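**Q** the amino acid sequence is not available; the structure is as follows:
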């Protein structure tokens, strides 16, 4: 698809690129393999030695880093950990079954219930509020343009312009600030 966005500062078309293209073009990965032959001294004689190595690398240009979108929200490990803690508590209770320690059981069960409830609220926030916001954010990010001549970022349908390092300020104008989890609701 041909670029139809014109830079609002220099009014040129030929140096304007979609932000997502600049971002992905600025990331490179590679693998280097090497080997060497040497001689080692083992007590009273020499022995041949072969060394082999592999190096994996990923590099990212400074411009690509400045145009990078926020990372997608991920599920909390707390819910998985909470289930594991709950299973550990259940095993502990079963193993202590002969001991008359019912106050400990009550404290463990209530504590677990509070923890699990908190993690379920956090996951609900992520799923119902944060993910829809991120989808709008990412859609807005995909529709931004970058002018190489002026080093600015802009949306074709907006008058707003920011330097390449202020991309989030532009996106927040379109979709609002990132929602923060408040804990209790």
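**A** Arrived safely. All figures in this text were calculated on a predicted structure; none of them were measured in a lab.

**Q** backbone phi and psi for the residue nearest the centre of the chain, please?
**A** In the chain, the centroid-proximal residue (C-alpha atoms, centre = their mean) is residue 71; its distance is 3.5 Å. Main-chain dihedrals, residue 71, degrees, to the nearest 10: phi -70, psi 150.

**Q** ok, it - contacts?
**A** Contacts for residue 71 (C-beta atoms under 8 Å, 6 or more residues apart in numbering) come out as none. No exception for glycine: its C-beta is placed from N, CA and C like everyone else's.

**Q** ok, it to residue 91 distance?
**A** With distances taken as C-beta to C-beta, to the nearest Å, residue 71 is found 36 Å from residue 91.

**Q** quick one: low-confidence ranges for this structure?
**A** 1-3, 76-80, 82, 93, 96-102, 183-185 (pLDDT under 70).

**Q** could I get the full set of strands for it?
**A** 16-18, 27-42, 45-60, 144-147, 152-155, 161-163 (DSSP state E).

**Q** and among these, the most buried is which?
**A** The highest average neighbour count among those, using mean count of other C-beta atoms under 10 Å, belongs to strand 144-147 at a mean of 24.

**Q** residues making contact with that one?
**A** Counting by C-beta under 8 Å, 6+ apart, 3, 5, 7, 9-10, 12, 15-20, 22, 67, 152-156, 164, 167, 170-171 sit against strand 144-147.

**Q** what's the answer for stretch 16-28, then?
**A** Counting by C-beta under 8 Å, 6+ apart, 3, 5-7, 58-61, 63-65, 67-69, 141-142, 144-148, 153, 167 sit against stretch 16-28.
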